[in-house]
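Asker: Return atomic coordinates for the entry below.
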Amino acid sequence: MKFARRTDWELTDNPLSLALKQRREQGLPVFDLTESNPTRAGIEYPPDLFLGAFNNKESLLYAPEPAGLLKARQAVAAYLNAAQARRQAGANTSPLAGTTQPDAIMPGNLTLTASTSEAYSFLFRLLADPGDRILLPAPSYPLFSYLADINDVEPVYYNLRFDGKRWAMDLDSIEQAARLGKVKAVVLVSPNNPTGSSISLDELKQLNALCTRYAMAIISDEVFSDYLFAGAREQYVSLAANSPVLSFALGGLSKALALPQMKLGWIAANGPADILSTALARLEVITDTFLSVNTPVQHACIEWLPQAALIQDQIMARITANLEALRAWAPRSGFELYPVAGGWYAVLKADLPLPEDEWAVELLHTTGVYVHPGFYFDFASEGYVVLSLLPLPETFRLGLNALIK
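Answerer: This next block holds a predicted model:
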């Protein structure tokens with residue numbers, strides 16, 4: 001049988017995955033410095049809150065709404081507006097011209113999805129015909145190219161470059177790609193996984209100009225926006241309030257409440273009024289076709305979201321402590337630690353004695369330390385290593401000590 005070309009991927013395990021599997025099967029210790037699953041990282045979830053919320057008779061009624069239940073969208077809007085208000089209260093920069101401010105996110109501009117991955121698929125379907133192009137950042141999370149393939153669009157890449165202080169968008173590479181034609185949207189991840197960088201106000205102004213010139217939309221993945229470190233929180237710009245260009249800001253319970261298994265994401269849309277209304281109407285046709293968001297989670301999120309600090313405070317304490325430990329460790333390690341503005345990851349670089357994929361396998365064999373080599377995330381050169389800041393502090397400390405040896 002001949003299968004579709006869109007799933008013609010390499011399905012065998014890579015050498016690092018095989019080495020990890022073999023080590024675990026042999027019962028050897030593993031210091032997993034890539035752990036990003038919060039449900040396996042010692043985060044405490046009050047069971048009365050998170051399980052009790054399912055004891056709701058309304059969940060037994062099937063009354064689907066394509067964009068999501070209104071009460072659920074109101075809860076998400078309130079949550080996003082409160083986050084924007086907190087950031088704006090501490091901001092020392094002027095608002096972006098043409099944007100509306102903290103109360104701009106209305107339930108009518110929100111669409112609920114089963115995940116951010118589904119949100120990407122819906123937006124790719126909304127914006128692009130088969131063979132059209134979507135601009136993706138590099139380095140970044142490797143999932144996006146698979147989502148592009150599944151949705152029959154061509155991934156094209158623009159660069160994030162370290163300018164000595166931060167990972168900045170290479171706007172020239174965006175314009176060069178746009179000139180190729182058929183580019184329908186620019187994807188940005190803010191804060192980025194793995195660089196931890198966020199789009200700046202100046203970059204957004206320039207990006208809006210480029211997107212206007214080349215008729216491109218913006219898809220802003222903001223799942224890590226609740227996890228910004230001191231100094232970056234006040235400078236953060238959410239595209240949920242970006243009105244000059246058709247924009248979609250993505251988030252979800254996977255990070256906001258560290259509940260990836262609950263499968264609820266959202267799209268906050270904004271843009272010029274006429275384009276926005278058409279986009280929302282067409283998006284509703286897509287969501288009405290799938291009706292994928294389950295009713296119990298929509299009702300539960302109404303109770304969960306106001307209590308998000310119970311989870312977010314734990315995670316901020318964890319990633320802050322691990323980042324401080326990493327900063328203390330780096331000067332004696334031979335690794336350069338890049339600045340981190342937000343998110344759950346950190347990037348290191350060194351002159352490695354082997355190609356980074358071979359080095360990561362050798363490191364696992366000899367020390368039990370498991371890290372991600374940079375090529376997983378499309379870094380432009382060798383020597384990059386990516387760590388998660390989410391592991392238990394003891395595991396993180398032991399892993400760093402083994403790594404330095």
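
Asker: When you work out contacts or count neighbours from here on, use the C-alpha atoms and nothing else.
Answerer: Will do.

Asker: Identify each of the helices in the stretch 101-250 of the chain and give its residue range.
Answerer: In the stretch 101-250 of the chain, the helices defined using DSSP state H, counting those that start in this stretch lie at 116-127, 143-150, 171-178, 201-214.

Asker: Give me the distance between the second one and the centre of its chain.
Answerer: Mean C-alpha position of helix 143-150 versus that of the full chain (CA atoms, centre = their mean, to the nearest Å) differs by 14 Å.

Asker: Can I get it in CSV, CA atoms only?
Answerer: Presented in CSV, the C-alpha positions along helix 143-150 are these (Å, rounded to 0.1, in the frame of the first residue of the first chain):
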residue,chain,number,x,y,z
LEU,A,143,7.4,20.3,15.9
PHE,A,144,6.5,23.1,13.4
SER,A,145,7.9,21.6,10.3
TYR,A,146,5.9,18.4,10.9
LEU,A,147,2.7,20.5,11.4
ALA,A,148,3.5,22.3,8.1
ASP,A,149,4.0,18.9,6.3
ILE,A,150,0.7,17.5,7.6
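
Asker: Run the angle between that helix and helix 116-127 for me.
Answerer: 50 degrees (axes from the mean of the first three to the mean of the last three CA atoms, to 10 degrees).

Asker: can you map out the strands along the protein?
Answerer: Counting by DSSP state E, one finds strands in the chain at the ranges 31-32, 110-113, 133-138, 154-162, 167-169, 183-189, 217-221, 247-252, 265-270, 336-337, 345-349, 369-370, 372-373, 384-388.

Asker: In CSV: the ones you listed, plus distance to Arg327, mean pLDDT and mean neighbour count.
Answerer: Formatted as CSV, the strands of the chain follow (distance: least, CA to CA, whole Å; pLDDT from 0 to 100; neighbours: other CA atoms under 10 Å):
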stretch, distance to Arg327, mean pLDDT, mean neighbour count
strand 31-32, 19, 96, 22
strand 110-113, 38, 98, 27
strand 133-138, 25, 97, 24
strand 154-162, 18, 96, 19
strand 167-169, 18, 96, 21
strand 183-189, 24, 98, 23
strand 217-221, 27, 98, 25
strand 247-252, 29, 98, 27
strand 265-270, 33, 98, 27
strand 336-337, 7, 96, 18
strand 345-349, 10, 97, 21
strand 369-370, 18, 96, 26
strand 372-373, 19, 96, 24
strand 384-388, 13, 97, 23
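
Asker: of all those, which lies closest to Thr12?
Answerer: Smallest distance to Thr12 across these (CA to CA): 17.6 Å, for strand 372-373.

Asker: CSV please, covering the strands of the chain and showing distance to Val285.
Answerer: Below are the strands of the chain laid out as CSV (distance: least, CA to CA, whole Å):
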stretch, distance to Val285
strand 31-32, 43
strand 110-113, 12
strand 133-138, 21
strand 154-162, 23
strand 167-169, 34
strand 183-189, 19
strand 217-221, 19
strand 247-252, 17
strand 265-270, 15
strand 336-337, 46
strand 345-349, 36
strand 369-370, 44
strand 372-373, 40
strand 384-388, 38
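
Asker: among the ones you listed, which is nearest Gln22?
Answerer: strand 369-370 (12.7 Å).

Asker: Identify all contacting residues around the closest one.
Answerer: For strand 369-370, the surrounding residues in contact (CA atoms under 8 Å, 6 or more residues apart in numbering) are 20, 30-34, 360, 363-364, 399, 402-403.

Asker: Low-confidence stretches in the stretch 1-150 of the chain?
Answerer: Within the stretch 1-150 of the chain, the ranges that satisfy pLDDT under 70 run 90-103.

Asker: quick revisit: can you tell me which of the helices of the stretch 101-250 of the chain is most buried?
Answerer: helix 116-127 (a mean of 20; mean count of other CA atoms under 10 Å).

Asker: To Asp13, which of the helices of the stretch 101-250 of the chain lies closest?
Answerer: Asp13 sits nearest to helix 143-150 of all these, at 16.2 Å, using CA to CA.

Asker: Which other helices and strands does the closest one contact?
Answerer: Contacts defined by 3 or more CA pairs under 8 Å, 6 or more residues apart in numbering; DSSP states H and E place helix 143-150 against helix 116-127, strand 154-162.

Asker: Tell me which stretches of the stretch 301-405 of the chain form helices.
Answerer: Going by DSSP H, counting those that start in this stretch, the stretch 301-405 of the chain shows helices at 309-329, 356-367, 393-404.

Asker: thought Ala53 was touching Gln298?
Answerer: No - Ala53 is beyond contact range of Gln298, at 10.2 Å (criterion: CA atoms under 8 Å).

Asker: Which one's more surrounded, these two?
Answerer: Gln298 (24 against 17; other CA atoms under 10 Å).

Asker: what about the more buried one, distance to Lys255?
Answerer: Distance, Gln298 to Lys255, using CA to CA, to the nearest Å: 16 Å.

Asker: show me the contacts for Asp221.
Answerer: 187-190, 249-251.

Asker: quick revisit: filter the contacts of strand 369-370 down to the buried ones.
Answerer: Neighbour-count burial (16 or more other CA atoms under 10 Å) applied to these gives 20, 30-34, 360, 363-364, 399, 403.

Asker: Of those, which is the nearest to Arg213?
Answerer: Thr34 (40.0 Å).

Asker: can you give me phi and psi for the most centrally placed residue in the chain?
Answerer: For the chain, the residue sitting closest to the mean C-alpha position, by CA atoms, centre = their mean, is Val223 at 4.6 Å. When read as degrees, to the nearest 10, the backbone of Val223 gives phi -60, psi -30.

Asker: With Ile134 as the reference, measure out to Ile315.
Answerer: Noted for Ile315: a distance of 32 Å to Ile134, by CA to CA.

Asker: ok, back up a step: residues in contact with the residue nearest to the centre of the chain?
Answerer: Listed by CA under 8 Å, 6+ apart, the contact set of Val223 reads 190-191, 250-252, 254-256.

Asker: How about Val340?
Answerer: Counted by CA under 8 Å, 6+ apart, Val340 has contacts 195-197, 229, 346.

Asker: What of Pro29?
Answerer: Listed by CA under 8 Å, 6+ apart, the contact set of Pro29 reads 23, 368.
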